Every structure is written in structure tokens, then in C-alpha cells.
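In: take this sequence and fold it.
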Amino acid sequence: MNVPRPSEGMSLIVRTVCGWVKGFILLYGIYIILYGHLTPGGGFSGGVIAAAAFVLILLAEGARSAEATFSRQAAASGDCLGVLAFLALALLGLLLAGTFFANFWTTDPAARFTLLSSGMIPFCNMGIGLKVCCSLYLVAVVLSGIRQLRFPQDTKGEPR
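Out: Numbering: from 1, shown residues only. I've put the predicted structure just below:
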């Protein structure tokens, strides 16, 4: 019987359930990021939820599938892009309103409780969400690599 190695993922049942729920988890994370200024949530909590979708792929399907879905290079680029977007919004507040991180985008009071009702805050949440999602995914990738380096398998499949 051909039993998959631990680096190739978990059982068929776990991989199947992962295939069903990973999209919903990612979608819910994006929802929390976008509507964080109206409901409990925001960039950090939505980023953690979105990262959970990619960490689930890493754990359930293995490192090769996770790398094919969301590469380390793409995650590192997203990490840098999120922080740069957040910093750019803060500097735009300094340039346009005279205060670092000022909410320079005014909105109509009639637009209350809509997606763009709070000026630049949803865009700040997007930058934070991207940063947190990519950072946490990279932490999980590094930790999984450390475990593989620390406990190598010999040819018989038993730890040394």
C-alpha cells in the first residue's frame, strides 16, 4: 500500500475537507478586512483568518501544494506591499492634511454604514490585512521547515 509521507499532507478525508473549506475561510477573512470599520474585526483579525486558509493548505496538503498555491516569494512580496501601502496612507495624511495618519478622505454623512463611509480606514485595513496574512503564512512555512530539518527521516521512515 502506498502511504503518503508526512511532507505530502494528511489523509484523504482531511485533504477533501480542506478543499471544501479553504475558499470559505479565505472569503470570510476578506470580508472581515473589508467591513472591519463597521463590524468587529479589521485588518489584523481578517488577516489572521485569511492566513488560516493558507496554513490549512500547508498542513493538510503538504509543502509542495502550499508552495504551488501561495509561494514564499509571493508571500514575502505581499508582506512588503502591505506595509508600504499602510505607510503610504499615513504619509498621505501628513502631506494632504498636515498630520501623520490623518483621515484625509472626507465622506458624505449620508453614506453612513457603507463600505466607504469612514474615509481611508478600509484601505488601511486592507494594507494591515495583507501584511498580517502574508507574515503569518511565512511564519508557518518557516516553522514547518525547521521541524523537517530538526527531525529528518531516514530511508526506513523512522526518525533518527
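
In: for stretch 10-22, give me every contacting residue.
Out: Around stretch 10-22, the neighbours that count as contacts under C-beta atoms under 8 Å, 6 or more residues apart in numbering are 9, 53, 56-57, 59-61. For the C-beta atoms, the positions are set from N, CA and C on the backbone; glycine is no exception.

In: could you dump that stretch to CSV, C-alpha only?
Out: Output of stretch 10-22 as CSV, limited to C-alpha atoms (Å, rounded to 0.1, in the frame of the first residue of the first chain):
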residue,chain,number,x,y,z
MET,A,10,-2.6,14.3,5.7
SER,A,11,-5.2,11.7,5.0
LEU,A,12,-7.7,11.8,2.1
ILE,A,13,-10.5,12.9,4.4
VAL,A,14,-8.6,15.8,5.7
ARG,A,15,-7.5,16.9,2.3
THR,A,16,-11.0,16.6,1.0
VAL,A,17,-12.5,18.7,3.8
CYS,A,18,-9.6,21.2,3.3
GLY,A,19,-10.6,21.5,-0.3
TRP,A,20,-14.2,22.3,0.7
VAL,A,21,-13.5,24.9,3.4
LYS,A,22,-10.3,26.8,2.4
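
In: average pLDDT for that stretch, rounded please.
Out: For stretch 10-22, mean pLDDT is 91.

In: chain center to it, what's the gap?
Out: 19 Å (C-alpha atoms, centre = their mean, to the nearest Å).

In: buried ones in that stretch?
Out: Neighbour-count burial for stretch 10-22, counted by 16 or more other C-beta atoms under 10 Å, picks out 15, 18, 22.

In: by neighbour count, which of the contacts of stretch 10-22 wins?
Out: In terms of neighbour count, I57 stands highest of these at 25 neighbours, by other C-beta atoms under 10 Å.

In: can you pull the pLDDT of A53?
Out: 96.

In: show me the helices in the chain, by range?
Out: 12-34, 43-61, 63-69, 72-97, 121-150 (DSSP state H).

In: redo the ones you listed as a markdown table? Include distance to F104.
Out: Shown next, in a markdown table, are the helices of the chain (distance: least, C-beta to C-beta, whole Å):
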| stretch | distance to F104 |
| --- | --- |
| helix 12-34 | 20 |
| helix 43-61 | 18 |
| helix 63-69 | 37 |
| helix 72-97 | 4 |
| helix 121-150 | 11 |
